[in-house]
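1. build me a structure from this.
(2 chains)
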There are 2 protein chains.
Amino acid sequence: MKKTVGAFLLACAVSLGVGTAGAEQKPVEPIVPATGINKEKAELGKKLFFDPRLSKSGFISCNSCHNLSRGGTDNLQTSIGHNWQRGPVNAPTVLNSGMNFVQFWNGRAKDLKEQAGGPIANPGEMALNHDLAEEVLQSIPGYVAEFKTVYGKDKIDIDQITDALAEFEKTLVTPNSRFDQWLQGDKEALTVDEQAGYKLFQDSGCISCHYGMAMGGGSFYKMGMAEEFKTDNPSQGRKDVTGKEEHHFMFKVPTLRNVELTYPYFHDGSARTLSQAVDTMARYQLGKKFTEKENAQLVAFLKTLTGEQPVFTIPILPPSSDTTPRPEPFE
Amino acid sequence: MKKTVGAFLLACAVSLGVGTAGAEQKPVEPIVPATGINKEKAELGKKLFFDPRLSKSGFISCNSCHNLSRGGTDNLQTSIGHNWQRGPVNAPTVLNSGMNFVQFWNGRAKDLKEQAGGPIANPGEMALNHDLAEEVLQSIPGYVAEFKTVYGKDKIDIDQITDALAEFEKTLVTPNSRFDQWLQGDKEALTVDEQAGYKLFQDSGCISCHYGMAMGGGSFYKMGMAEEFKTDNPSQGRKDVTGKEEHHFMFKVPTLRNVELTYPYFHDGSARTLSQAVDTMARYQLGKKFTEKENAQLVAFLKTLTGEQPVFTIPILPPSSDTTPRPEPFE
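-> Residues are numbered from 1 along each chain as shown, chains lettered A, B, ... in the order given. As a prediction, this is how the structure comes out:
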């Protein structure tokens, strides 16, 4: 079974034209801390990440749905957007998201910078528009000075805004999980059950998709390989981007890093617990059912993937000026 | 005019039975950093302050409306609550709120601890209830351990929850503003215009209400002393608590500390800018109009009240367990 599914996985990946050939051979790797970060740019990006003025309401920031106190997610089935709209898919974690080969569940953004512009202008999320985002920030003296320092220009534009956001997000890596300590040679770092869980993870084929430093985020795969996955969620995955029927329910494989913190699971947020998520993956992707003990071992292993969370001081945002366009939460 | 209004202010205060006799004589004082804080308790309180699981939706935390990146406010006319409900009054800053003689605009809570229980259970704000708040936290192993450390009990209750929140809030003081540096002897700390603004602040009677360390928060006063204040906002102030007609539009005097950050102003959030707020106070409280220059000097002075904002690392919240009641944002 494993080999058959693996071959099909590979075929799917190749049909998408993504670089996943040899995916089964790719190992997992310990997370290495972010390097080459422009600190001033990242500090500016941190402010923007926490600034609700990038939303029409003045109430929703990036951190509202990618809450860095909560594994970079909102822990909701799907997110809450402008005017309490129900979001279409489960908010993916922003932690280690710089390791994703594309962004969003359906891969519609090529990188963090392109991703960052999406929610700001999405009418169901932050519901601003890029012109107004620029106008708001340009009216705030503290931002004008800080953008000038970082980009050397007097005029703030969306390209700078998303660039700074992306730079901050690149810092959001979570090294030194117990699993990584184990990978790096500390054989005491995992219990016997956790190691058994990792062996199941490898032998059952989970690792075919959840490989690399992020243990995911490196390819698209179909949700429902072994059995058709049923959901009320209207998202069609990659098909929504390409329009191609063969891309129906193809999603970017989510990272498993910090998965203990990023409940509920899947694009539709249908699995409340890790145990349920393991059951669902086994049934729909592998066509099997783990015993209760195996499920517990896999869950125990998955909980060893929680790394050191980014530690930083909360940003203090520069105040609006008298000319700053005011939020319009009820219009 | 000033003396007449001052006498009336005093009469109002006395009629409310609050300890404001001699208010006109009370000086302003520099803010002193918080002392006697139980650090473990405050750290637990910080987690709770940032935890959206204290709301029914799982989306709104204390920090949503008392945003510590934004002067402890949401910078909205009135706040957004559960299901995008429009709040009744402007969210007061949580900064230096431990110095208030009572809490809320209408003083319906006697202290920070009593205040903290209000928004959690308010159907228009966080919309949870205290029983469910206890049940949620009790289901989270990380919280159970931390409450045990702080309170020595296995059972988490609302009394502990609000006590920890209050302890964190007590830490949120903002010392060392330029005005405080000036008060403490650094005569270079304020410009000539800023000093002129402070003289106007004293001579015009502003200081009759905005006195003490917080420059406010020490008494109730009527909004609309010199001229009836008109607003669409339905709040009746202290009358909503006591039912007494003479308490109509009596509000707790807000602190002026960090007022540059806490726009818009007044219980109805009707003043967008400091300049407008000064105009409104002059007209409705003092029965006068400042010249453009005087207004600018007062605004310049008010901006010297911005102190050092609380600097701390964002809390990392303990994850829910499989048995934690899930949020219900759309029910």
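2. show me where chain A has its strands.
-> With DSSP state E as the criterion, chain A has strands at A:80-81, A:85-86, A:220-222, A:250-252.
3. neighbouring strands of the second one in the sheet, and parallel or not?
-> Here the strand partners of strand A:85-86, with direction, are listed using DSSP bridges: strand A:80-81 (antiparallel).
4. neighbours around the residue nearest to A:Thr323 when sequence neighbours are not counted, how many?
-> Using CB to CB, 6 or more residues apart in numbering or on different chains and skipping the chain neighbours, the partner closest in space to A:Thr323 is A:Ser139 (5.0 Å). Heads up, the C-betas are built off the backbone N, CA and C, glycines and all. For A:Ser139, the neighbour count with other CB atoms under 10 Å in any protein chain shown is 17.
5. against B:Gly71, how distant is A:Ser139?
-> Remark: distance between A:Ser139 and B:Gly71 (CB to CB, to the nearest Å) = 18 Å.
6. pretty sure the residue nearest to A:Thr323 is touching A:Pro319, no?
-> No. Counting by CB atoms under 8 Å, A:Ser139 does not reach A:Pro319; the two are 10.8 Å apart.
7. just list the residues touching the residue in chain A positioned nearest to chain B, thanks.
-> At 3.9 Å from chain B, A:Trp84 is the closest residue in chain A, using CB to the nearest CB. Listed by CB atoms under 8 Å, 6 or more residues apart in numbering or on different chains, the contact partners of A:Trp84 are B:Asn83, B:Trp84, B:Pro329.
8. let me know the closest of the residues you listed to B:Asp51.
-> B:Pro329 (15.2 Å; CB to CB).
9. what's the closest of the contacts of A:Trp84 to A:Gly98?
-> For the contacts of A:Trp84, the residue nearest A:Gly98 by CB to CB is B:Pro329; the value is 29.0 Å.
10. nearest spatial neighbour of that closest one, chain-adjacent residues omitted?
-> Among residues not flanking B:Pro329 along the chain, B:Ser57 sits closest, at 3.7 Å (CB to CB, 6+ apart).
11. in the stretch 151-300 of chain A, which spans are helices?
-> In the stretch 151-300 of chain A, the segments counted as helices under DSSP state H, counting those that start in this stretch are A:158-170, A:178-183, A:192-203, A:239-242, A:274-281, A:292-302.
12. what residues of the longest one count as buried?
-> Buried residues in helix A:158-170, defined by neighbour count with 16 or more other CB atoms under 10 Å in any protein chain shown: A:Ile158, A:Gln160, A:Ile161, A:Thr162, A:Asp163, A:Ala164, A:Leu165, A:Ala166, A:Glu167, A:Phe168, A:Glu169, A:Lys170.
13. phi and psi next, for the nearest residue to A:Phe147 once chain neighbours are set aside.
-> Once flanking residues are discounted, A:Phe147 sits nearest to A:Ile156: 4.8 Å by CB to CB, 6+ apart. A:Ile156 adopts backbone torsions of phi -90, psi 130, taken as degrees, to the nearest 10.
14. hang on, isn't A:Ile156 packed against A:Val136?
-> No. When contacts are counted by CB under 8 Å, A:Ile156 is not listed as touching A:Val136 (9.3 Å).
15. what comes into contact with stretch A:236-254?
-> By CB under 8 Å, 6+ apart, the surrounding residues in contact with stretch A:236-254 are A:12, A:15-16, A:92-93, A:100-108, A:209-210, A:216-224, A:229, A:267.
16. and what of stretch A:200-217?
-> Stretch A:200-217 is contacted from outside by A:2, A:5-6, A:9, A:23-24, A:26-32, A:96-97, A:99-101, A:218-219, A:221, A:252-257, A:281-282, A:285-286, A:288, A:290, A:294, A:297-298, A:301, A:305, using CB under 8 Å, 6+ apart.
17. what number of residues lie near A:Gly218?
-> By other CB under 10 Å, 25 other residues sit near A:Gly218.
18. then the one 5 residues further on?
-> Other residues within reach of A:Met223 by the criterion other CB under 10 Å amount to 22.
19. and the pLDDT for it?
-> With respect to pLDDT, A:Met223 scores 97.
20. phi first, then psi, for it.
-> A:Met223 adopts backbone torsions of phi -80, psi 110, taken as degrees, to the nearest 10.
21. state the pLDDT value of A:Arg257.
-> Note on A:Arg257: pLDDT of 98.
22. that one and A:Ser177 touch, don't they?
-> Yes. Between A:Arg257 and A:Ser177 there is a contact under CB under 8 Å: 7.3 Å.
23. the two: which is more packed in?
-> A:Arg257 (32 against 21).
24. OK, contacts around that one?
-> Counting by CB under 8 Å, 6+ apart, A:Arg257 has contacts A:Ile31, A:Thr93, A:Leu95, A:Asn96, A:Thr174, A:Ser177, A:Ala214, A:Met215, A:Gly216, A:Leu305, A:Thr306, A:Gly307.
25. that'll do, ta.
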